[in-house]
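K.L.:
predicted model and sequence follow; I will ask about them next.
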Amino acid sequence: MNKQAEIKRILIFNVNWLGDVLFSTAVIRNIRRNFPKSYLACIIPSRCYFILKNNPSLDEIIIYDEKDRHRSLLAKLKFINYLRRKNFDTVFLLHRSFTRALITRLAGIKKIIGYYTKKRGFLLTCKISPPKIESIHRINYYLGLIEKAGLRVEDSHADFYIEAHDMESAENFLKKHSLGSSDFLVVINPGGNWFCKRWPPEYWARLSDMLIENLNARVIISGAVQDRLLAKKIRDLMKASPIIAAGEFNLKQLGGLIKKADLFITADSGPLHIANALNAKHIIAIFGPTSPNITGPYPLKSNTVVLRKDIGCKVPCYVVNCRDNRCMKIITPEEVFQKIKENLADDR
């Protein structure tokens, strides 16, 4: 990319999932370093808003909900006109979709930079040859786009920013449930955006009971509003009584709760990467159909243990209707509990 003429207004058309948007913060930060005086905006779906809220590298967050408010052709045309009025001169397409490339072309953006695909290649003004998407970690996949476009990449970690009031929300929740600094606080995150990445509810219940019985832990079940039924199912399967926080927090406030926790246990999901970005005290990540080398905690730190077993299936596996879920079931609560004890012992 020719940087002699300073680019004035830059747009990033982001991806859709919480974890991937969090990975993209490395791109946002490095673009800002390359263009410190430019106006930098980012398009994301509304469910990912809190991932980027308060990010100091961004001047604007733009919401695009292709399956909701922008589903109709008329809504898309209005969105295109909105972008046209913004006068962006450059866009980085982190998403590989044809529609997003077409939207930016119709919006009159002169420089359209993205990974080449046969369907949308003619829409791109800067066609970047993509690596195999399953060959490198997703952070490096996104960073590769801007690096091959000629930008300087200095680092590759994710950013997640929380404020004092987010910590205060978590602290108020703990006080409400009579939890203090002397308690061994464990937050579990049993949800996930698709079934195959979820550990069985009965496994969560058994592990939680072991933590309470053997380590005198106070267990909090986190999650979104849609995870409340799952949280209640886990509670009903337990001997002890956990605290249900599903639906209580937005993602920033959840970050505050994770910061307060002594241990955070989760499958491959957005909150895992929030915990990693916040440098949580201890993280246990349970992987099944997805690969830690592609969507695992990055960079992997000493506070994090990743558990995964090879059952002979191709990984990553995207058979979302698989009802067997052997890759998750093969990791037992007893094995996870043993890893927790080892991890905690190393910290002493």
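P.N.:
Cool, the structure landed.

K.L.:
need the contact list for the nearest residue to Thr266 once chain neighbours are set aside.
P.N.:
Distances taken as C-beta to C-beta, 6 or more residues apart in numbering place Asn189 nearest to Thr266, at 3.8 Å, with adjacent residues excluded. The C-beta positions use only the backbone N, C-alpha and C, and glycine is treated the same way. Neighbouring residues of Asn189 by C-beta atoms under 8 Å, 6 or more residues apart in numbering: 222-223, 264-267, 269, 271-272.

K.L.:
can you list those residues in TSV and add distance to Lys67, secondary structure and neighbour count?
P.N.:
Converted to TSV, these look like this (distance: C-beta to C-beta, whole Å; DSSP: H, G, I helix; E, B strand; the rest coil; neighbours: other C-beta atoms under 10 Å):
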residue	distance to Lys67	secondary structure	neighbour count
Ser222	25	coil	26
Gly223	22	coil	25
Phe264	30	strand	29
Ile265	31	strand	28
Thr266	26	strand	24
Ala267	24	strand	26
Ser269	20	coil	24
Pro271	22	helix	26
Leu272	24	helix	30
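
K.L.:
could I get these as CSV with distance to Ala158?
P.N.:
Below are those laid out as CSV (distance: C-beta to C-beta, whole Å):
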residue, distance to Ala158
Ser222, 19
Gly223, 21
Phe264, 16
Ile265, 20
Thr266, 15
Ala267, 18
Ser269, 14
Pro271, 13
Leu272, 11
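
K.L.:
next one: stretch 194-206 to chain centre, how far?
P.N.:
In terms of C-alpha atoms, centre = their mean, to the nearest Å, the centre of stretch 194-206 is set 19 Å apart from its chain centre.

K.L.:
which parts of the chain are helices?
P.N.:
18-23, 25-34, 49-52, 73-86, 98-106, 138-148, 164-176, 201-215, 228-237, 251-260, 270-277, 292-295, 326-329, 333-346 (DSSP state H).

K.L.:
now the fourth one: buried residues?
P.N.:
Across helix 73-86, burial judged by 16 or more other C-beta atoms under 10 Å covers 76, 79-80, 83, 86.

K.L.:
how about low-confidence regions in the protein?
P.N.:
Confidence mapping of the chain against pLDDT under 70 gives the ranges 1-6, 346-348.

K.L.:
how is it divided into domains?
P.N.:
9-148, 164-346 (automatic domain parsing).

K.L.:
turn these into a markdown table, including distance to Asp155.
P.N.:
Formatted as a markdown table, the entries for the domains of the chain read as follows, by distance: least, C-beta to C-beta, whole Å:
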| stretch | distance to Asp155 |
| --- | --- |
| domain 9-148 | 7 |
| domain 164-346 | 10 |
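
K.L.:
nearest to Thr104, of the contacts of Asn189?
P.N.:
Using C-beta to C-beta, Ser269 is the member of these that sits closest to Thr104, with 29.6 Å.

K.L.:
for that closest one, what are its contacts?
P.N.:
Taking C-beta under 8 Å, 6+ apart, one finds 18-19, 189, 191-193, 197 in contact with Ser269.

K.L.:
and those residues, which are buried?
P.N.:
Taking 16+ other C-beta under 10 Å as the criterion, what is buried in the contacts of Ser269 is 18-19, 189, 191-192, 197.

K.L.:
out of these, which is nearest to Ile103?
P.N.:
Of all those, Ile103 sits closest to Leu18, with 22.2 Å by C-beta to C-beta.

K.L.:
contact partners for the closest residue to Arg84 other than its chain neighbours?
P.N.:
Beyond its immediate neighbours in the sequence, the residue positioned closest to Arg84 (C-beta to C-beta, 6+ apart) is Ala107, lying 4.8 Å away. With contacts taken as C-beta under 8 Å, 6+ apart, Ala107 has the following neighbours: 80-81, 83-84, 86, 88.

K.L.:
ok, now how distant is Ala107 from Val21?
P.N.:
Counting by C-beta to C-beta, to the nearest Å, the gap between Ala107 and Val21 amounts to 21 Å.

K.L.:
try Gly255
P.N.:
Distance check for Gly255 against Val21: by C-beta to C-beta, it reads 14 Å.

K.L.:
surely Asp268 and Arg198 touch.
P.N.:
No - the pair Asp268 and Arg198 does not pass the contact test of C-beta atoms under 8 Å, sitting 9.8 Å apart.

K.L.:
okay, and the common contacts of those two?
P.N.:
Joint contacts of Asp268 and Arg198 (C-beta under 8 Å, 6+ apart) are Gly192.

K.L.:
which of the two has more neighbours?
P.N.:
Summary of the neighbour comparison: Asp268 and Arg198, criterion other C-beta atoms under 10 Å, with Asp268 having more neighbours (26 against 21).

K.L.:
distance of that one relative to Glu335?
P.N.:
Taken as C-beta to C-beta, the span from Asp268 to Glu335 is 17 Å.
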